[in-house]
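>>> mind looking at a prediction? Sequence and model below.
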Amino acid sequence: MNLTLKIWRQKDSNSKGQMVDYKVTEISEHMSFLEMMDVLNEQLVNAGEEPVAFDHDCREGICGMCSMYINGEAHGPDRGVTTCQLHMRMFKDGDTITIEPFRAAAFPVIKDLVVDRSAFDRIQHSGGYISVNTSGNTQDANSIPIAKQAADQAMDAATCIGCGACVATCKNSSAMLFVGAKVSQYALLPQGQVEAADRVKNMVAQMDLEGFGNCTNTGACEVECPKGISLDNIARMNRELMKASI
Amino acid sequence: MALDSKVPQGPLKDKWTDYKNHINLVNPANKRHIDVIVVGTGLAGGSASATLAELGYNVKSFAYQDSPRRAHSIAAQGGINAAKNYQGDGDSTYRLFYDTVKGGDYRSREANVYRLAEVSANIIDQCVAQGVPFARDYGGLLDNRSFGGVLVSRTFYAKGQTGQQLLLGAYSAMNRQIARGKIEMFNRHEMLDVVVVDGKARGIIARNLVTGEIERHAAHAVVIASGGYGNVYFLSTNAMGSNVTAGWKVHKKGAYFANPCYTQIHPTCIPRSGDYQSKLTLMSESLRNDGRIWVPKNLEDVTAIREGKLKPTQLSEDQRDYYLERRYPAFGNLVPRDVASRAAKERCDAGFGVNATGEAVYLDFAASFERYGSEQAKIQGITNPSAAKIKELGQEIVRAKYGNLFQMYEKIVDENPYETPMMIYPAVHYTMGGVWVDYNLMTTIPGCYAIGEANFSDHGANRLGASALMQGLADGYFVLPYTIGDYLSDDIRTGKISTDTPEFDVAEKEVSERIAFFVNNKGTHSVDYYHKKLGKIMWDKCGMSRNKEGLEEAIEEISALRKDFWENVIVPGTATEYNEQLAKAGRVADFLELGELFAKDALVREESAGGHFREEHQTEDGEAKRMKEFQFVSAWEYKGEPKDAVLHKEALVYENIEVKERSYK
C-alpha cells in the first residue's frame, strides 16, 4: 500500500517543531508500524536526509520504550498493543497517517518523536520500592503465604510497562494510572505494608511536582493502556492516600 | 598471559563458603571513598548496582535506554530456576548443578555452576522480599512449573512476564539507592571505551546519546553487564539496541573473549515474513508441551500449500511428517532447544518449509484440543459429544494455558492459531559465549568485571530454559558484591581516580576520532545495509550448522564487508545531537569484528557441542558429536585484526560429574 505520513519534526528541545509530509510506497500489510518507519528512514538516509528519531527497543511490547501518538491515539488505533506491535493491516492503501510524539508538559520533546519520560523514574525514586537490603539474608520465600487473589491483583498492577500512554491520552496529562499501578502492587502485598503510608504520600507529591495533571475520571487511560491496567488502581491509590492522611 | 581460573581449593560444596570466609573485606568507612562503574542495567547490572550501593560504594550506572527498567532482561518470558525443592520432587543444589552442566554439553566450569546452583534459592527469597509478585497456588504458597526437559519442577514464574517482574524488582532496589544518592544514574548514555591505567581498569569513555557529548568517568573498578551479542545476526529476539560494544571494547583493551561461537538458536519463533523484517519474536518454549511439530510428507503438498491451493488442515495424518516424533521417539516434541532447531532446519533445507520463504514448520494444537476436549466432556458428564463440542472444550483449556501467546501470534501473523496450525522457525536468542572471567567474575584486565549474559561462565555450549535470569541475578546480587570487595580492599588508600590523565586523553581522542569519521564520511550505504549483509553471512554460514568451507568463506566475506563499511558507510546528521544512526554505526562496526572472530572460533572448534554443530562432526544418524580433546574453553586474545587473535585454552576438569553422551532417542 502507498501512504502519506504527516510526522512531527523537531530538531531538539529548544527548537520549534512542525508537521512534515512524507510518502512511502509498497508497504506490506504484514509490516509492523515501526518497520514501516524503518522503511521511511532508510529512504531518507539514502536521500541524504535526516531520519525521523523515535524511541523503540524490544519491539515485542514489553520494554515500554516506543511511544507514538498515531492518528490521535497513543500507540495507534489497535487495542491492547504498543506501537511496535501495531501492524500495517490496521491501515489501508491511500491513507494519511498523522504521527506525533506523546504530548504532556511533564514529557518534553527531545527530538522528533522522542520524549523525555524521566519524570516517571523520579516518581519511582520517591517511594517505588520496598526497603530491603539485597543481602540474601531475608526469610524463606514461603514463610508468608499470600492469598492467590491478592498476588494475582498485585501482578496485574505490576504489569505496567511505564510507557506513558496514559499520560499522553489524558486530557489533563494525569499520571494517576501509572502511579496507582505502582502503589497498588505494593499495597496488595504484605511486604509493602510497612512503608505504605509514606510511599503513597511521597509518590503522589512527586507526581504533582513533576507537573502531571489531576484525574477527572474520563477513563481514557484505561482504554489506551497497552497492558490493560485497570482504573481500580487509581481508586486504590486514592484510598491509600486517604488512609495515610488521616 | 596464562589463564588462571582462580577456582578455590577444597571440596566442591565448600568452595564458595570457604572463599567468602577468607577474602579481604573493605570497612564501611572506606567504601565511601571507592567508586564503581556498572555498564548495563538488566538483571545482572541492575542487581549489582543496587547491591554495591547498599554496601556503601559510590556507583555510577549506565544504560543506553531512557530508563534502567527497559533493559532487555524485561522480555524474558518463562521463569527462573531455583533449587528450592518446594515441590518435594527430589530437587537439590547438586541436581540443579548437574542439569546445568549436562545441559551445557559439558563445556562449563564446574565450580562456577555449583556456586550458581547454591545461591539460586536465595534469589527467590530476595525477590519475594522486594515485592515481586510470583505466581502462587490457592494456599498462598509459591507455584512452580517444569521447564526445558529436566525431571523436577523448579521454575518460579510471574505469568509469561517473569523477566519483567524480576527486572522491576532490581530496578526498585536501584531506585532506593538513587534516591539516597548512592547510585548516580546515566540514562541514554553509551560506553564507548574502557580506560586502563597502570594495567587496571579505571574508568570509561561514554557518549551522552541526547547531546552527543563525550564524557570521562573514573572509578576504582568497571563492571560490564551489557548482555549478549545475538544481534550480530541482524535478526534475533534481542532488543534493537542490544549490542556487543562494551564487551568488545574491553576485549580490545586486553580482556579475553571466550567461546564466541556458542549461540542459542531457539526453535519456536515466529518466522520471517519479508526483507523489511527488523526483529524476531519468540513464542515460549512451553508451547511444545502441547503442540506437535510437522511438515508435509510430500513435496507436491508443500508447493500447493505455498501457492495457497491447499490448507494444512486438509492433510490427513498419513500425509504429515511429525519429524521430531519420528527421529526422537523418547523425547518427541520436547527435545532440547539445539536439537529441535537443527531438525527444523534439516526439513526446510530439504524443501519442506511451509511458507513463502521456505523457512517455517507447523506447530499444531489440534491433537491437544481433542485430548483436552474429550477429558473435559467426561468431567462435565457430556455423553456422545460432537467433534465440534470436543474441539470447543479443548480450546478453552488451551486458551487458559497459552491464551496470551496465541493472541500475540494472531496480532503478528494475522492468522487464527485455534483454526490453523501456527508456523514457527528457529531464531537467534541468547549467546553463551562472552567475555572470559575467572571465578571472581574478573576479566583478564584487573579491576574489570563481566557479569550476566556478557560473560561466558555458566552455560557451557547450551543454556537451559529459565537459567539466564538465575545467572544474571546470582552474579549481581550475591557473587560480584563479595568478589569485587576482595579486589577493592587494595584500593582503600588510592584516593579519587582522576580523569585528567594521558590514558583518558588517549581514549577520548580515539572515541572522538571514530565518531568524527562516521559523520564526515561521504559514503553510499546506510548502516543497516551493512548490518543486514553481516547478518546474512552469519545466519547462512555460522548459523544452526556450520562446516569448514562455509566458515572459511564467512571469514573472508566478513573481512571484505568490514573494509567496505569503513570506506562506504554513510551516517546522516551531526555528532553533537541525538543521532541514532551514529550510535548504531559504532555498534555495527564492532559486530563486524566480532563476527569474524566468531567464525574463526567455530572453525577451530572441530567438534559439535550444544549450540555449535559442525557438519563434519556428527554421528551416523546426524547427531552432535562431542570430542574429548575439545574439552576446553577457547579464550581469544586481541592482537589487531580478528584473524590475528591468539587462542588460549582453559582446560575443563570434571571431578564431580561424569561426562556422558547426550541422547534423546
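Arrived safely.
>>> for residue 64, helix, strand, or coil?
Picked chain A for this. Following DSSP: H, G, I helix; E, B strand; the rest coil, residue A:64 is assigned to coil.
>>> flag the shaky bits of chain B, pLDDT-wise.
Across chain B, the ranges flagged by pLDDT under 70 are B:1, B:147-149.
>>> number of nearby residues for the residue of it found nearest chain A?
In chain B, the residue that lies nearest chain A is residue B:140 (3.0 Å; CB to the nearest CB). (Each C-beta comes from the backbone N, C-alpha and C, glycine too.) Residue B:140 is flanked by 15 other residues according to other CB atoms under 10 Å in any protein chain shown.
>>> now swap in the one 4 residues further on and tell me
As a burial measure, the neighbour count of residue B:144 was computed by other CB under 10 Å and equals 24.
>>> swap in residue B:357?
Using other CB under 10 Å, residue B:357 has 16 neighbouring residues.
>>> tell me the SS of it?
Secondary structure state of residue B:357, per three-state DSSP, is coil.
>>> chain neighbours aside, what residue packs nearest to the residue of chain A found nearest chain B?
In chain A, no residue comes nearer to chain B than residue A:145, which is 3.0 Å away by CB to the nearest CB. Nearest non-adjacent residue to residue A:145, counting by CB to CB, 6 or more residues apart in numbering or on different chains: residue B:140, 3.0 Å away.
>>> cool, residue A:98 as well?
Nearest one to residue A:98, counting by CB to CB, 6+ apart, is residue A:6 at 4.7 Å.
>>> so for chain A, the centremost residue is which one?
A centroid search over chain A (CA atoms, centre = their mean) returns residue A:163, at 1.8 Å, as the residue closest to the centre.
>>> and for chain B?
Geometric centre of chain B, nearest residue: residue B:430, 2.8 Å, by CA atoms, centre = their mean.
>>> list the contacts for that one?
By CB atoms under 8 Å, 6 or more residues apart in numbering or on different chains, the residues touching residue B:430 are B:228, B:230, B:263-264, B:266, B:453, B:463, B:468.
>>> tabulate these in a markdown table, adding columns for distance to residue B:312.
Output for the contacts of residue B:430, formatted as a markdown table (distance: CB to CB, whole Å):
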| residue | distance to residue B:312 |
| --- | --- |
| B:228 | 34 |
| B:230 | 30 |
| B:263 | 30 |
| B:264 | 28 |
| B:266 | 23 |
| B:453 | 36 |
| B:463 | 32 |
| B:468 | 33 |
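>>> ranges for the helices of the stretch 201-350 of chain B?
Using DSSP state H, counting those that start in this stretch, the helices of the stretch 201-350 of chain B run over B:245-252, B:299-306, B:323-327, B:337-347.
>>> quick revisit: and the residue of chain A closest to chain B, that one's in a helix?
No: secondary structure assignment (three-state DSSP) places residue A:145 in coil, not in a helix.
>>> got the contact list for it?
Residue A:145 neighbours (CB under 8 Å, 6+ apart): B:136, B:139-141.
>>> check the secondary structure at residue B:449 for me.
Classification of residue B:449 by three-state DSSP places it in strand.
>>> what's the burial count for it?
For residue B:449, the count of nearby residues is 31 (other CB under 10 Å).
>>> next: residue B:404.
Look at residue B:404: counted by other CB under 10 Å, it has 14 neighbours.
>>> need the contact list for it.
Each residue near residue B:404 by CB under 8 Å, 6+ apart is listed here: B:159-160.
>>> which is the next helix or strand following the helix or strand that it is a member of?
Assessed by DSSP states H and E, residue B:404 sits inside helix B:387-413. Downstream of helix B:387-413, the next assigned helix or strand under DSSP H and E is strand B:422-431.
>>> quick check: next helix or strand after that next one?
Downstream of strand B:422-431, the first helix or strand assigned by DSSP H and E is strand B:434-435.
>>> now do that next one: distance to the chain's middle.
11 Å (CA atoms, centre = their mean, to the nearest Å).
>>> ok, now stretch B:301-310?
36 Å.
>>> what is the residue nearest to the centre of chain B paired to in the beta sheet?
For residue B:430, the beta-bridge partners are residue B:264 (DSSP bridges).
>>> the stretch 51-200 of chain B: strands as residue ranges?
Shown for the stretch 51-200 of chain B, the strands assigned by DSSP state E, counting those that start in this stretch span residues B:58-62, B:80-81, B:155-156, B:183-186, B:189-197, B:200-208.
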